[in-house]
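Student: Test case, fold it:
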Amino acid sequence: MLTRRPTQPGEARLRYLDGDIQVLSPGDFVICAVTGRQIPLQALRYWSVELQEAYIDAAAAHERLASGVRS
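Tutor: Numbers count the residues shown, from 1 in each chain. Next comes the predicted model:
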């Protein structure tokens, strides 16, 4: 799981793994690949390992994955 560290303002760069993430560059949010909205790291629950992108909620994840988009 995400290890809590002091956050830095700005967008984080993450590697999305199965059931976990790896912080490549610290920050306090990532951007949803569908909506473009900021997702605070503590609220991040949905992502694609294959596409290496984050989603703000289950509906956004479903929309992206149902579209058949591949990296």
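Student: May I see the buried residues of stretch 45-60?
Tutor: By 16 or more other C-beta atoms under 10 Å, the buried positions in stretch 45-60 come out as Tyr46, Trp47, Ser48, Glu53, Ala54, Tyr55, Ile56, Asp57, Ala60. To be clear about C-beta, it is placed using only N, CA and C from the backbone, and glycine gets the same treatment.
Student: before we move on, what about stretch 21-28?
Tutor: Ile21, Pro26, Gly27.
Student: returning to that earlier point: turn the buried residues of stretch 45-60 into a markdown table, columns for pLDDT and secondary structure.
Tutor: Listed next are these as a markdown table, based on pLDDT from 0 to 100; DSSP: H, G, I helix; E, B strand; the rest coil:
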| residue | pLDDT | secondary structure |
| --- | --- | --- |
| Tyr46 | 97 | strand |
| Trp47 | 98 | strand |
| Ser48 | 97 | strand |
| Glu53 | 97 | strand |
| Ala54 | 98 | strand |
| Tyr55 | 98 | strand |
| Ile56 | 98 | coil |
| Asp57 | 98 | coil |
| Ala60 | 97 | helix |
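Student: Out of these, which is nearest to Pro9?
Tutor: Of all the buried residues of stretch 45-60, Ala54 has the smallest distance to Pro9: 17.8 Å, by C-beta to C-beta.
Student: Please look at that closest one and Cys32 and confirm they touch.
Tutor: Yes - with contact defined as C-beta atoms under 8 Å, Ala54 counts as touching Cys32 (6.0 Å).
Student: Make a markdown table from the buried residues of stretch 45-60 and add distance to Glu11 to it.
Tutor: Formatted as a markdown table, those follow (distance: C-beta to C-beta, whole Å):
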| residue | distance to Glu11 |
| --- | --- |
| Tyr46 | 17 |
| Trp47 | 15 |
| Ser48 | 18 |
| Glu53 | 13 |
| Ala54 | 11 |
| Tyr55 | 15 |
| Ile56 | 14 |
| Asp57 | 19 |
| Ala60 | 17 |
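Student: Closest one of these to Gly36?
Tutor: Using C-beta to C-beta, those come closest to Gly36 at Ile56, 9.3 Å.
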